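Asks: Sequence first, then the predicted structure:
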Amino acid sequence: KDNPQYLALAKNKIKGCALAQSKKEALLEIKRVEALEGPVNSKYTEMSPIPFGEGQILYAGIGADEMVAQRNQSVYSQLYTASVSDFNKSSNKTNFSNTVNRKGAHIGNGAFSPDGNRLYHTVCERDIQNNRVKCQLYLSTKEGDSWSASEKLGDAYNVDGYSSSTPYVVSSEDGKDIVYYSSNRPGGQGDLDIWVTDGSSPVNLGTTINTVGTETTPFLQASEGKSHLFFSSEGHPGFGGLDVFRATKTNSNFTSWGKVSNVGAPINSPADDLYFVSNLSNKKQSYFVSNREGTKSVSSKTCCDDIFAAELKVDAFASMTGIVYEDKTPIVGAVVNLYEVIDGKKQLIKSIQTEANGEFRFNQLPAGKQYLVEVSKKGYEGDQYEFSTVGMEENKGFSNKFYIKKPKPISLALCGTTYSDKGAKGKSPLGGVKVEIYKIDPSTQKQSLVKSTVSDARGQYCSDIPIGYRFKVMATESNHLTVSDFVDLRSYQPKGNDVLKKDLDLVLQYKQVGLSFKIENIYYDFDSATLREESITSMYKILSILNNNPSIVVEMGSHTDSKGSETYNQRLSQQRAQSVVDWLVKNGIPSSRLTAKGYGESTPVAANKNPDGSDNPDGRQLNRRTEFKVIGYVDGLKN
């Protein structure tokens with residue numbers, strides 16, 4: 001109780017017992033852990049595995065199958081390389097380099113710079129007088145196919161009288177080597193601490209990482225934009241001995257680390273577990289060192305360290321890239337929607353637009369899902385692509401070329417019959433009528449001719465017009481008044497086996513002075529000359545005839561039935577005829593082309609009473625009418 005360091009370590013051991021009994025879910029999901037088979041592991045000690053190249057590891061080992069005495073001057077740790085295949089099968093054990101390995105010292109803890117051209121490592125020499133080993137950091141540089149002789153690093157790494165070891169190297173944004181290592185140099189928290197340097201003054205990682213106990217074997221891993229530090233410690237609560245822990249960096253400050261978490265079993269055990277490192281090219285494959293029961297040993301069950309392989313269950317992510325084309329031209333600004341498909345229903349995840357080169361990209365798409373990409377652009381027919389990440393265990397990239405095109409207009413057959421209407425004589429098919437179809441621009445209302453045809457001897461015509469527009473149809477024949485009508489196909493949606501056809505008959509009034517034509521559906525309020533709202537559609541038809549035939553002068557005639565006095569009916573019909581003329585003048589027809597004439601009850605077209613003297617409602621309805629007739633031409637012109 002008088003030693004604060006031992007007291008803190010004892011308290012952590014108690015917390016570690018509680019941790020082991022809590023059955024807390026492991027931080028890392030591990031599929032399997034097995035010791036390396038083959039020549040790598042001996043009965044004595046192996047350490048510091050570092051993956052490099054394709055299926056290769058660099059490691060250190062004594063390579064002895066019997067206990068080595070402290071004063072043995074012939075057995076030393078050296079650096080080796082070996083091949084690893086089928087998860088844990090080792091082969092091709094080879095001495096790394098005679099210029100790095102040397103007699104009389106333990107060589108270990110090799111760590112390559114990110115570009116592979118520099119090897120940081122530890123050289124440890126026996127201090128027989130004090131019965132201990134002192135370790136220092138050294139550097140060797142690649143020279144062609146060989147390595148330079150090791151040189152001891154300076155004060156940023158080593159302090160005389162103290163140990164520095166277990167380096168791990170990452171690269172700074174400006175390309176410098178940043179070295180994490182463990183040392184008991186002055187300024188630390190206790191025994192071995194983890195430090196970091198880029199060659200300048202080293203920085204202690206602080207009290208979140210370092211404790212009064214030992215912290216060693218640092219390894220950094222970048223994942224999803226975060227930097228994780230793995231290290232081993234006896235000062236944080238663990239399962240016994242050294243355990244592997246992980247912390248996440250919170251900002252660019254080297255001392256800013258989040259909560260330290262025990263990675264859990266089966267990486268950690270009641271024995272020592274250290275040197276955890278992931279294969280950067282295959283994140284599922286990791287290595288660590290342990291002296292747990294089951295290792296090869298020259299004496300006790302937990303005598304000596306072996307190298308283990310661990311297969312991690314790594315979250316797999318997909319990426320999706322694509323290029324959108326119209327024919328061979330990349331399309332910028334196309335809308336790309338990414339959906340997840342669940343039980344046949346799609347749920348939008350993200351919507352983006354293509355770049356100037358027609359490209360787009362979706363990143364970090366989780367495994368185990370069904371995806372759909374839909375590409376669209378206004379005025380084009382879209383394209384789509386489905387892909388699945390179900391069962392995907394490794395990161396995978398998907399790509400596809402998308403082609404969009406402007407759709408061919410869907411045509412509709414506009415067909416009908418042209419008729420001649422000669423007033424009381426009725427209507428009959430009229431051939432030789434010129435039928436012109438104009439498309440109306442939705443923004444400017446400008447009309448442009450799209451089709452022109454002539455009705456046949458039976459008065460029949462037919463023309464194909466594209467769906468999605470509004471059209472004006474005009475019928476012209478020299479002996480008849482030009483007539484027009486409108487066809488609106490802006491919202492027309494063909495269904496199933498619809499026959500794409502629309503019927504439009506056109507009735508042309510015979511152009512003869514004095515010939516009268518009844519105008520249907522002209523209504524007034526009772527005992528009033530005011531036009532009712534439902535009359536306006538018919539009024540526009542009269543307006544259209546007058547606009548289409550600018551040379552005619554017409555009389556607008558109004559008629560009543562025989563109810564009421566003759567004088568009253570005459571006055572009312574004149575007022576009603578005048579209201580029609582006034583409406584037409586208001587809508588742009590010159591008054592010089594219009595005459596209002598009230599006929600009262602003087603010119604019935606049906607009997608107001610039945611032969612037996614009873615009232616004839618149907619006859620009276622026919623007599624209440626509005627007619628127009630051509631009474632002349634402007635300046636004597638007929639056309």
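Replies: On my side now, so go ahead.
Asks: CA atoms for contacts and neighbours, from now on please.
Replies: Noted.
Asks: just so I have it, where are all the strands in the stretch 501-639 of the chain?
Replies: For the stretch 501-639 of the chain, the strands defined by DSSP state E, counting those that start in this stretch cover 501-503, 506-509, 516-519, 552-559, 594-600, 626-633.
Asks: Just after the lowest-mean-pLDDT helix or strand in the chain, pick out the following helix or strand.
Replies: In the chain, no helix or strand scores lower on mean pLDDT, DSSP states H and E than helix 4-21, which sits at a mean of 60. As assigned by DSSP states H and E, the chain's next helix or strand after helix 4-21 is strand 30-35.
Asks: Parallel or antiparallel, list what pairs with whichever helix or strand comes after that next one.
Replies: Next in sequence after strand 30-35, counting helices and strands by DSSP H and E, comes strand 46-52. Within its sheet, and counting by DSSP bridges, strand 46-52 is paired with strand 56-61 (antiparallel).
Asks: Next secondary structure after the partner strand?
Replies: Note on strand 56-61: by DSSP H and E, the next helix or strand toward the C-terminus is strand 78-85.
Asks: what's that next one packed up against?
Replies: When contacts are defined as 3 or more Cα pairs under 8 Å, 6 or more residues apart in numbering; DSSP states H and E, strand 78-85 packs onto strand 56-61, strand 89-95, strand 106-112.
Asks: can you tell me which of the strands of the stretch 501-639 of the chain the model trusts least?
Replies: Of all these, the minimum mean pLDDT falls on strand 516-519 (a mean of 80).
Asks: For that one, name the packing helices and strands.
Replies: Partner elements for strand 516-519 (3+ Cα pairs under 8 Å, 6+ apart): strand 626-633.
Asks: hmm, 10 Å instead?
Replies: Judged by 3 or more Cα pairs under 10 Å, 6 or more residues apart in numbering; DSSP states H and E, strand 516-519 is in contact with helix 536-548, strand 552-559, strand 626-633.
Asks: Centre of the chain to it, how far?
Replies: Remark: strand 516-519 is offset 64 Å from the chain centroid, using Cα atoms, centre = their mean, to the nearest Å.
Asks: cool, stretch 190-204 as well?
Replies: From the chain centre to the centre of stretch 190-204 is a distance of 44 Å (Cα atoms, centre = their mean).
Asks: what comes up buried for that stretch?
Replies: Residues of stretch 190-204 classed as buried by neighbour count (16 or more other Cα atoms under 10 Å): 190-198, 202-204.
Asks: Return the member of the residues you listed nearest to Gln512.
Replies: Nearest to Gln512 among those: Asp198, at 105.2 Å, using Cα to Cα.
Asks: And that closest one, how far from Gly175?
Replies: The spacing between Asp198 and Gly175, counted by Cα to Cα, to the nearest Å, is 10 Å.
Asks: re earlier: ok, which of the helices and strands packed on strand 516-519 comes nearest Ser591?
Replies: The nearest among those, by Cα to Cα, is strand 552-559 at 9.6 Å.
Asks: Partner strands of the closest one, with direction?
Replies: strand 594-600 (parallel), strand 626-633 (antiparallel).
Asks: quick one: low-confidence parts of the protein?
Replies: Per-residue confidence for the chain (pLDDT under 70) gives these ranges: 1-25, 64-74, 128-131, 223-225, 424, 496-499, 526, 636-639.
Asks: Find the nearest non-adjacent residue to Gln575, please.
Replies: Setting aside the residues directly before and after it, Gln575 is nearest to Ala529 in space (Cα to Cα, 6 or more residues apart in numbering), at 5.6 Å.
Asks: about what we covered before: let me have the buried residues of stretch 190-204 in CSV, extended by distance to Ile349 and secondary structure.
Replies: Shown next, in CSV, are the buried residues of stretch 190-204 (distance: Cα to Cα, whole Å; DSSP: H, G, I helix; E, B strand; the rest coil):
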residue, distance to Ile349, secondary structure
Gly190, 50, coil
Asp191, 51, coil
Leu192, 48, coil
Asp193, 45, strand
Ile194, 42, strand
Trp195, 43, strand
Val196, 41, strand
Thr197, 43, strand
Asp198, 42, coil
Pro202, 46, coil
Val203, 43, strand
Asn204, 43, strand
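Asks: Quick one: those residues as TSV, columns for distance to His559 too.
Replies: Formatted as TSV, the buried residues of stretch 190-204 follow (distance: Cα to Cα, whole Å):
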residue	distance to His559
Gly190	116
Asp191	118
Leu192	116
Asp193	112
Ile194	110
Trp195	109
Val196	107
Thr197	108
Asp198	107
Pro202	110
Val203	108
Asn204	109
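Asks: out of the residues you listed, who's nearest Ser290?
Replies: Nearest to Ser290 among the buried residues of stretch 190-204, counting by Cα to Cα, is Leu192 at 18.8 Å.
Asks: surely the closest one meets Thr214?
Replies: Yes: if you go by Cα atoms under 10 Å, Leu192 and Thr214 touch, sitting 4.7 Å apart.
Asks: Now the common contact residues for those two.
Replies: Residues touching both Leu192 and Thr214 (Cα atoms under 10 Å, 6 or more residues apart in numbering): 182-184, 233.
Asks: Now list the buried members of those residues.
Replies: By neighbour count, with 16+ other Cα under 10 Å, these hold 182-184, 233 as buried.
Asks: Specify which member of these is nearest to Gly154.
Replies: Among these, and counting by Cα to Cα, the member closest to Gly154 is Ser183, at 13.8 Å.
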